[in-house]
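**Q** fold the stuff below for me.
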Amino acid sequence: RRWGSLVGGGAGAPARDWEAFVTTRLSKPPPPSPEPLLQEWYAADMWQLLCCCVLMSRVSSWETKHRCISAFFAAYPTPSAFQAEV
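**A** Residues are numbered from 1 along each chain as shown. Model prediction:
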């Protein structure tokens, strides 16, 4: 599953299709910008875009942002992978 096995509630919670829920509430990714925006690398995936924007607010260097965000997604490719470690 794209979102991971933990998304959709715990024991006793109703099963939810989180991808459908989130997708119906978000607009389509915007067209590419003429500027080299790091957010555009992750705009196609809502989980990655959310995390990217949060992580980008902490540092100013493009190289540092890209390195840290890439490492974060290597460790936590889905919300469930992140939730299992936190």
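**Q** residue 33 against residue 40, yeah?
**A** Yes: using C-beta atoms under 8 Å, residue 33 is in contact with residue 40, at 6.3 Å. Bear in mind the C-beta positions are built from the backbone N, C-alpha and C, glycine included.
**Q** assign the closest residue to residue 41 other than its chain neighbours to helix, strand or coil.
**A** Using C-beta to C-beta, 6 or more residues apart in numbering and skipping residues adjacent in sequence, the residue nearest residue 41 is residue 52, 7.6 Å away. Following DSSP: H, G, I helix; E, B strand; the rest coil, the label given to residue 52 is helix.
**Q** who has more neighbours, residue 33 and residue 40?
**A** Neighbours were counted for residue 33 and for residue 40 using other C-beta atoms under 10 Å; residue 40 has more, 16 against 10.
**Q** now do the more buried one against residue 65, distance only.
**A** Distance, residue 40 to residue 65, using C-beta to C-beta, to the nearest Å: 13 Å.
**Q** also residue 86?
**A** From residue 86 across to residue 65, the span is 22 Å (C-beta to C-beta).
**Q** before we move on, what about residue 21?
**A** 29 Å.
**Q** again with residue 38
**A** For residue 38, the distance to residue 65 - C-beta to C-beta - is 6 Å.
**Q** count the residues that sit near residue 60.
**A** Residues lying near residue 60 (other C-beta under 10 Å) number 8.
**Q** what do you get for residue 61?
**A** By other C-beta under 10 Å, 9 other residues sit near residue 61.
**Q** got a list of what it touches?
**A** Not one residue lies near residue 61 by C-beta atoms under 8 Å, 6 or more residues apart in numbering.
**Q** and the one 4 residues further on, by the same measure?
**A** Going by C-beta under 8 Å, 6+ apart, residue 65 touches 38, 55, 56, 59.
**Q** isn't the third one right up against residue 68?
**A** By that I understand residue 56. No: in this structure, residue 56 is not within contact of residue 68 by C-beta under 8 Å, at 9.1 Å.
**Q** out of the two, which sits in the busier spot?
**A** Each of residue 56 and residue 68 has its neighbours counted (other C-beta under 10 Å); residue 56 has more, 19 against 15.
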